[in-house]
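1. no FASTA, just this:
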Ligand code: HEC
């Protein structure tokens, strides 16, 4: 029997009109059929067995731990075909018995890849007796896997595999420099699998185009250029050659689909490189947008850009939610988007008209960086934000003296849209959010939206890469000419020893360093060189190999002149966030009027509790889900706890320590009338990463 029709026999079957609007989506309420539960992405389950009255009795039902190395876990597992299916840290897709966690099948992609960051997989319920499918992107490959058996669908692409570079403009010879994968699932519309991609944040990169593949054949059906080609709408919002020179504007958080209208809503990320934009003058459409695309053709219907000419990495990383709001006695089908800025945008699904007033506010246009032209205005909605806006003295808290001193001494700039500089600025909210990939969940019966946010400032500084590179290269070059040139030639193309230019560019830094340190018989070991000297040689040979590669590919090399100091929280002299708590929050927003219904701290730190400072909230990543039982389930916090909040009040009704941090979105489903809540847990020294499921006794 196949999952595609078996559920029709279930007594619990009902047709659910998600969002009460016209988006009829028939879902078996006992399943969690795809990422975000369904294409509305509301992460809402109709299950009610676990509710506000009994959730306190919830206890661990089973857990599964990976056998291989420790790694992060971000996957929102799906439950369909009577299997719970999700990614494991060691590059595997597994299907578990949803009642016991016992592994039923496993699928190993061809390569290990960057998809450990994957937020989930796309589940598709087969129609007309076709099998349920899982679409999975791993490394540079898109797979179609039979959900019941774990076998690839042979007719999809070549033996169940599609080259995920298809339709992107990355020359073959540049592939190792421009790794493309996807860490966000897509959506299925009729016979199309619509998906974004992950492209490098640093240059070289490529345009993060949105693509649709045929779900049966794997054939590429349409491409939407998120960096427009010359002549296309929006091309004049970039400099010349933008598709070759720049990159990014990709969708890495997931999308939502209005099946009836045939519109897919796609949030896009910032352009690459994130923090310096002199080489991408203009507004940079369609980076940092919410795009409404015709799902059949990929043609743009409307767009809204949430940050113009982004200089702060303010990706739209949260998947949008399809909602229906009440306005003047009328119901309006809308699409909601929460952002890293802590804003909630709500647009009419068809017209793109905002349901709350948005002001284009003038911002600082003076940048100290050469050639940088910050955009003069930014869109700020008038409905209340769910995260603090801008680093202000009233937020400094107990470290106020230290902070005032530091800011004065270092001449740090402060402001929400302060252009980044080499001297540094303190920004809030940051690229961590506000909201991040966990996005929001929605209870469509109550028209409440629930969102978790981080509320800790960053110290953002740009660095002079040219200078760092020049210093490194100078040392590296001298060392290379002394120790290596004799055998490999001045240009690495070979002499007594082999041509190493090709190998060096394919090896990562660590591997090249190992060859130097340990030798590769008959090549001698250079164990007498210091770690610094080896690092300098590695930097030199890698850089040289990369430059040679650009020449071969005939692509203009954009040697990014500036880098940044990393994703650094602004910490005080005690190493604590230099801001008054709460450092993280959970917020409920009334979708009809945009008002905040409640806001409470999310998470806590043992350190502060010991000092008698309670309810601090914590840095969080991952997201929550909502149920018709009146609950929100969320992990996401650094204290490694899993919690149930009451939707009506924000009260914590249950919490339980996990073996690691749940930087993921949970799922809920039921088997034999028993409801489970499951969450992916990241690895650490004690737990290798896996899933933990909870149920009532
Ligand atoms: C005495 C000659 C000699 C010197 C000096 C020498 N190499 Fe080699 N190197 C070789 C030979 C021969 C090989 C091929 C080994 C093999 O068959 O894989 C090699 C291989 C390599 C490889 C590829 C190894 C692999 O696993 O594929 C790298 C990278 C490399 N050399 C880098 C360097 C660097 C950097 C230096 C200077 C610190 C250096 N070599 C100095 C002779 C030399």
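-> Structure's in. What do you need? Only a predicted model underlies this, so the values are computations on that prediction, with no experimental measurement involved.
2. tell me the predicted confidence for whatever residue of the stretch 101-250 of the chain ends up closest to the ligand.
-> Among the residues of the stretch 101-250 of the chain, residue 176 lies nearest to the ligand; the distance is 15.0 Å by CB to the nearest ligand atom. For every residue, glycine as well, the C-beta is placed using N, CA and C. Looking at residue 176, its pLDDT reads 78.
3. same question, residue 678
-> According to the predicted model, the pLDDT of residue 678 comes to 98.
4. ok, the nearest residue to it once chain neighbours are set aside - contacts?
-> Ranked by CB to CB, 6 or more residues apart in numbering and with sequence neighbours excluded, the top spatial neighbour of residue 678 is residue 693, at 4.2 Å. Residues counted as contacts of residue 693 (CB atoms under 8 Å, 6 or more residues apart in numbering) are 60-63, 101, 676-678.
5. the residue lying closest to residue 150 once chain neighbours are set aside: which element?
-> Once flanking residues are discounted, residue 150 sits nearest to residue 105: 3.2 Å by CB to CB, 6+ apart. With the criterion set as DSSP states H and E, the secondary-structure element containing residue 105 is strand 103-107.
6. so how far is whichever helix or strand comes after that strand from its chain's centroid?
-> Once the chain leaves strand 103-107, the next helix or strand it forms, by DSSP H and E, is strand 122-124. A distance of 18 Å separates the centroid of the chain from that of strand 122-124, by CA atoms, centre = their mean, to the nearest Å.
7. circling back to that earlier point, need the contacts of residue 693 in TSV (columns: secondary structure).
-> Rendered in TSV, the data for the contacts of residue 693 read as follows (DSSP: H, G, I helix; E, B strand; the rest coil):
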residue	secondary structure
60	strand
61	strand
62	strand
63	strand
101	coil
676	strand
677	strand
678	strand
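8. just the buried members of the residues you listed?
-> Buried residues within the contacts of residue 693, defined by neighbour count using 16 or more other CB atoms under 10 Å: 61-63, 101, 676-678.
9. can you tell me the closest non-neighbouring residue to residue 37?
-> If the residues on either side of it in the chain are set aside, residue 37 comes closest to residue 43, at 5.3 Å by CB to CB, 6+ apart.
10. the one you found: neighbour count?
-> In terms of burial, residue 43 registers 31 neighbours under the definition other CB atoms under 10 Å.
11. after the helix or strand containing residue 188, which helix or strand is next?
-> Assigning secondary structure by DSSP H and E places residue 188 in strand 187-189. Sequence order places strand 192-195 as the next helix or strand after strand 187-189, per DSSP H and E.
12. that next one packs against which elements?
-> Counting contacts by 3 or more CB pairs under 8 Å, 6 or more residues apart in numbering; DSSP states H and E, strand 192-195 packs against strand 122-124, strand 133-138, strand 187-189, strand 210-214.
13. take those strands and write them to CSV, including distance to residue 339.
-> As requested, the helices and strands packed on strand 192-195 are exported to CSV (distance: least, CB to CB, whole Å):
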stretch, distance to residue 339
strand 122-124, 24
strand 133-138, 25
strand 187-189, 20
strand 210-214, 19
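14. in this structure, which spans are helices?
-> Read by DSSP state H, the chain holds these helices, from start to end of the chain: 3-6, 242-245, 400-410, 465-483, 485-488, 501-506, 509-518, 531-553, 606-610.
15. show me which of those has the highest average neighbour count.
-> Among these, the stretch with the highest mean neighbour count (mean count of other CB atoms under 10 Å) is helix 242-245, at a mean of 20.
16. quick one: that one to chain centroid distance?
-> With CA atoms, centre = their mean as the basis, the distance from the averaged C-alpha position of helix 242-245 to the chain average is 23 Å.
17. what residues does the stretch 401-550 of the chain put near the ligand?
-> Residues of the stretch 401-550 of the chain that fall close to the ligand, judged by CB under 6 Å from any ligand atom: 483-484, 486-488, 496-498, 500, 503-504, 512, 515-516, 520, 522-524, 526, 537, 541.
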